[in-house]
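Visitor: structure here, sequence nowhere to be found:
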Ligand SMILES: O=P(O)(O)OC[C@H]1O[C@H](OP(=O)(O)OP(=O)(O)O)[C@H](O)[C@@H]1O
Ligand SMILES: Nc1ncnc2[nH]cnc12
């Protein structure tokens, strides 16, 4: 680990707050709002999420917290931003996946025409927990014709083993707790 990497991990862990029993008893929620409130930390995280992938055509972000990181990463890389949204929000023809979360379940969609065939796509989110969201996102991008170059997250919750569901996708977690 380079000093820069360990500094970034320490910064993220300092600026992501644990909130017990949210949104339901037994869940320790990782609250990114302090990180978003620290301009230098937010900028460093955006830079690190998109660094070193080579040419990227589109950055796909997961509603809602993933959008906050994915959109600035897209701008920084000179790439398109593609939203992967909760069901019922995208207006044109969509592709859809349903999956389980640490708390409850969710269905997400992407526009069927979001990617040009073979587009190099980086997927960005805030947290990797069970990996259900990440798995759904990677499957949707592929079904829509994109090539998944990587999945980049701010924080991985290792005890939920999400990584095991993404063995076919290069995964980058800026920090793992
Ligand atoms: O690895 P998983 O178990 O799938 O969990 C990770 C996902 O859960 C959270 O989103 P959530 O669905 O709570 O939506 P939000 O961003 O709208 O709060 C988080 O932002 C990730 O997208
Ligand atoms: N514990 C957690 N904190 C924040 N986001 C999450 N998404 C799934 N589990 C989460």
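Guide: Now that the structure is in, tell me what you want to look at. Since the structure is predicted, the reported quantities are computational estimates derived from the model, not experimental observations. Residues are numbered from 1 along each chain as shown. Ligands and ions are numbered 1, 2, ... in the order given.
Visitor: get me the contact residues on this structure for ligand 1.
Guide: 62-66, 101-102, 106, 125-134, 162 (CB under 6 Å from any ligand atom). Where you see a C-beta, it was placed from the backbone N, CA and C, and this is true even at glycine.
Visitor: at 5 Å what do you get?
Guide: Taking CB under 5 Å from any ligand atom as the contact definition, the chain meets ligand 1 at 62, 64-65, 101-102, 125-127, 129-133, 162.
Visitor: which of those fall in strands?
Guide: Counting by DSSP state E, the part of the residues of the chain next to ligand 1 found in strands is 62, 125-127.
Visitor: low-confidence ranges, this protein, go.
Guide: Counting by pLDDT under 70, the chain contains low-confidence residues at 3.
Visitor: give me every residue that touches the residue lying closest to residue 171 once chain neighbours are set aside.
Guide: Taking CB to CB, 6 or more residues apart in numbering, and ignoring the residues beside it in sequence, residue 171 has residue 151 as its nearest neighbour in space, at 5.2 Å. Contacts for residue 151 were tallied using CB atoms under 8 Å, 6 or more residues apart in numbering; they are 122-125, 128, 134, 137-138, 166, 169-172.
Visitor: what subset of those residues is buried?
Guide: Of the members of the contacts of residue 151, the ones counted as buried by neighbours, 16 or more other CB atoms under 10 Å, are 122-125, 128, 134, 137-138, 166, 169, 171-172.
Visitor: in this structure, which residue is most central in space?
Guide: Computing the C-alpha centroid of the chain and ranking residues by CA atoms, centre = their mean puts residue 125 first, at 1.4 Å.
Visitor: thanks a lot, catch you later.
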